[in-house]
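Trainee: pasted the sequence and its predicted model underneath.
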Amino acid sequence: MERRHQTRSPTNTPTRISCEALGTIRANIRNFSQNGLFVELGAARLKPNQTVEIIADSPSYMRAIPPVKALIVRRTDKGIGLSFLEPCPRLIDTLSTL
């Protein structure tokens, strides 16, 4: 049963995820909504309930995007589902235009 209240938009955008335990990890954002996103990553040992920072590199013609704090809400074989801990309109706007 689908529990999400926001529509997810597909993307394939490179990003970095930063966490205390593992440092910075390269990943790909696969889909996003106003409330969070799904990030595909390798065998990193990130678990639900950990807080991470999404470090998005904006294209050179756009304003820089500040890091966004998010909570890991689920883990699959392919990646992690993240819920934003604060509104991040600049990240959503940038992902929407790519």
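Mentor: Yep, it's here.

Trainee: beta partners for the residue nearest in space to the middle of the chain?
Mentor: Nearest to the centroid of the C-alpha atoms of the chain, with distances taken as C-alpha atoms, centre = their mean, sits residue 37, at 4.8 Å. On the basis of DSSP bridges, residue 37 takes part in beta bridges with residue 32, residue 82.

Trainee: contacts only, for it.
Mentor: Contact analysis of residue 37 by C-beta atoms under 8 Å, 6 or more residues apart in numbering lists 29-31, 54, 70, 81-82, 95. Placement of C-beta: from N, CA and C, glycine included.

Trainee: what separation do you get for it and residue 31?
Mentor: 6 Å (C-beta to C-beta, to the nearest Å).

Trainee: can you check residue 95 too?
Mentor: Shown here: residue 95 relative to residue 31, a distance of 9 Å by C-beta to C-beta.

Trainee: also residue 76?
Mentor: Shown here: residue 76 relative to residue 31, a distance of 13 Å by C-beta to C-beta.

Trainee: tell me which of these two has more neighbours.
Mentor: Between residue 76 and residue 31, counted using other C-beta atoms under 10 Å, the more crowded position is residue 31 (17 against 9).

Trainee: not counting sequence-adjacent ones, nearest residue to the more buried one?
Mentor: In space, not counting the residues next to it along the chain, residue 31 is nearest to residue 8; the distance is 4.3 Å by C-beta to C-beta, 6 or more residues apart in numbering.
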